[in-house]
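1. below are the sequence and a predicted model for it; my questions follow.
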Amino acid sequence: MEFALDKDLKKMTLEEDKPVKLKHFPKTSARERNGCSIMGRLLNPEVQKMSSMIHDMPRLWRTYERCRGIVLSNEVFQFVFDSETDLQTVLEAGAWMYEDWSMVMERWVEDPPENYLKTIPIWVRMRSIPLVCYEAEAIEEIAGHRGQVTDVAFDPLKPQSKGFVRVRVLFDVSKPL
C-alpha cells in the first residue's frame with residue numbers, strides 16, 4: 001500500500017493539473033480594493049517573521065487603525081490603506097527594514113512588470129567626485145552604474161558643504177553588492 005502510494009506521488013506533476021477558469025471573476029472590485037495598497041517582499045524570510053511584521057509595521061507607520069496587512073506567501077505581503085495620503089507617506093519614506101533586513105515595497109499594479117518587487121529605492125552618498133564631474137548629468141551617469149537614478153539632490157548654484165552628493169537609486173536586490 002505504502003509503496004503504491006509513494007509510486008503514484010512520484011508520478012504526479014503540476015503540469016497535469018488543468019487551469020481553473022473562474023466564470024465570475026470580480027476584476028473591477030479587485031482594482032478598487034487593491035488600488036490603495038502596497039505589495040511587498042521580505043528579503044530574508046527565515047529571519048523576518050511575517051506574522052509579526054504584519055502587526056508591527058502599521059504601528060511603526062502610525063497607521064494602525066487605517067491599514068491592514070495580508071500575508072500572501074512566506075515572503076510576499078500586502079498592506080491595504082484607507083487613504084492615499086497614508087500610502088504615499090509610507091512609500092515616500094523610502095526603504096523600510098524589519099528585523100535588520102530590508103523589505104521591497106511597491107504600490108500595487110494590476111499588471112506588474114518583470115522587475116516588480118525586485119528593486120528598492122536607496123539614497124547613496126557619492127564622495128570624492130572629481131571636479132570635472134561636478135555637474136548633475138555626470139553625477140547621474142556615475143550613479144547609474146549602481147541602478148536606475150530617480151533623484152539627484154544637487155544644485156550647482158548652492159553651496160556644497162557636506163562633502164558628498166546624495167543620489168536616489170533603484171537598487172536591484174537580486175544582484176550582489
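-> Received, thanks. Residues are numbered from 1 along each chain as shown.
2. quickly note the distance from W101 to K118.
-> 16 Å (Cβ to Cβ, to the nearest Å). No exception for glycine: its C-beta is placed from N, CA and C like everyone else's.
3. which one of the two has more residues nearby?
-> Neighbours were counted for W101 and for K118 using other Cβ atoms under 10 Å; K118 has more, 16 against 13.
4. neighbours around the closest residue to that one other than its chain neighbours, how many?
-> Nearest residue to K118 in three dimensions, chain neighbours excluded: S174, at 5.5 Å (Cβ to Cβ, 6 or more residues apart in numbering). If you count neighbours by other Cβ under 10 Å, S174 ends up with 8.
5. S174 against L117, yeah?
-> No: contact criterion Cβ atoms under 8 Å: S174 and L117 do not qualify, at 10.2 Å.
6. now the helices for the protein?
-> Along the chain, counting by DSSP state H, helices occupy 2-11, 27-34, 50-61, 84-92, 136-143.
7. weakest of these by average pLDDT?
-> Lowest mean pLDDT within the helices of the chain: helix 2-11, at a mean of 66.
8. so which of the helices of the chain is nearest L72?
-> Among the helices of the chain, the nearest to L72 by Cβ to Cβ is helix 50-61 (9.5 Å).
9. packing partners of the closest one?
-> Contact analysis of helix 50-61 by 3 or more Cβ pairs under 8 Å, 6 or more residues apart in numbering; DSSP states H and E lists strand 67-71, strand 76-81, helix 84-92, strand 96-98 as its packing neighbours.
10. would you mind listing the buried residues in the last one?
-> Across strand 96-98, burial judged by 16 or more other Cβ atoms under 10 Å covers 96, 98.
11. cool, stretch 48-68 as well?
-> For stretch 48-68, the neighbour count (16+ other Cβ under 10 Å) marks 48, 50, 53-54, 57-58, 61, 63, 67 as buried.
12. quick one: pLDDT of the nearest residue to G35 once chain neighbours are set aside?
-> Excluding the flanking residues, the one nearest G35 by Cβ to Cβ, 6+ apart is W108, at 7.1 Å. Looking at W108, its pLDDT reads 95.
13. next: V169.
-> Per-residue pLDDT puts V169 at 92.
14. contacting residues for it?
-> Contact analysis of V169 by Cβ atoms under 8 Å, 6 or more residues apart in numbering lists 121-124, 143, 146-150.
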